[in-house]
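Visitor: I would like to see how this sequence folds:
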Amino acid sequence: MAIEITNEMEELVNGALSDGFPCVLGTASLNGDPNLSFKGSMMVISSNELAFWERARKGGFAQLISNPKVAVLFRNSIHRKAWRFYGDAVVHESGEIREKVMSRTVQAELDRDPERLGAAVIIKINRITTLGGETIQEAE
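Guide: Numbering: from 1, shown residues only. Here you go, the predicted model:
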């Protein structure tokens, strides 16, 4: 089964920050040290990929480089929807993909990176679950 992010997921993830429920990104170092960070710029970029603008380049950024395995937690209590997205992240520090993600990044996040030193991160999703752990979709 291929991953196919639904229209509902896309709408809610893309509006997460404006709805007051930014996504949470989970990363881990090669030796297993975990890190969690809010990502107000998280967006659906394709039918099987999430993306975000990494402006801080702290904690979890180094972990993305050394260990691309990530989890993204989305929860919106108003709409009573929540999902976990699991996948592999690729950092783009220059080029067309970086420009595409930057052009779609919410202004509030870009305002916090006035010199545009950030990088684009693309997450290829291989599994989507409920908060209870039930698999909704999984790549073959």
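
Visitor: Now do the worst-scoring helix or strand of the chain on mean pLDDT: which elements does it pack against?
Guide: Across the helices and strands of the chain, mean confidence by mean pLDDT, DSSP states H and E is lowest for helix 60-66: a mean of 86. When contacts are defined as 3 or more CB pairs under 8 Å, 6 or more residues apart in numbering; DSSP states H and E, helix 60-66 packs onto strand 23-28, strand 34-39, strand 81-92. Backbone N, C-alpha and C define where each C-beta goes, glycine included.

Visitor: Can you name the element that comes right after that helix?
Guide: strand 69-76 (DSSP states H and E).

Visitor: Can you show me the CA trace of that next one as PDB?
Guide: Once non-C-alpha atoms are left out, strand 69-76 reads as follows in PDB (Å, rounded to 0.1, in the frame of the first residue of the first chain):
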ATOM      1  CA  LYS A  69      14.300   8.700  11.100                       C
ATOM      2  CA  VAL A  70      11.600  11.100  12.500                       C
ATOM      3  CA  ALA A  71       8.100  11.200  13.800                       C
ATOM      4  CA  VAL A  72       5.700  14.100  13.500                       C
ATOM      5  CA  LEU A  73       2.800  14.400  15.900                       C
ATOM      6  CA  PHE A  74      -0.300  16.300  14.800                       C
ATOM      7  CA  ARG A  75      -3.200  17.000  17.200                       C
ATOM      8  CA  ASN A  76      -6.100  19.400  16.900                       C
END
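
Visitor: Just list what it packs against, helices and strands only.
Guide: When contacts are defined as 3+ CB pairs under 8 Å, 6+ apart, strand 69-76 packs onto helix 7-14, helix 16-19, strand 23-28, strand 81-92.

Visitor: one step back: could you save the helices and strands packed on helix 60-66 as a markdown table and add columns showing distance to residue 63, mean neighbour count and mean pLDDT?
Guide: Output for these, formatted as a markdown table (distance: least, CB to CB, whole Å; neighbours: other CB atoms under 10 Å; pLDDT from 0 to 100):
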| stretch | distance to residue 63 | mean neighbour count | mean pLDDT |
| --- | --- | --- | --- |
| strand 23-28 | 4 | 20 | 96 |
| strand 34-39 | 6 | 16 | 94 |
| strand 81-92 | 9 | 19 | 97 |
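
Visitor: Fine by me, thanks again.
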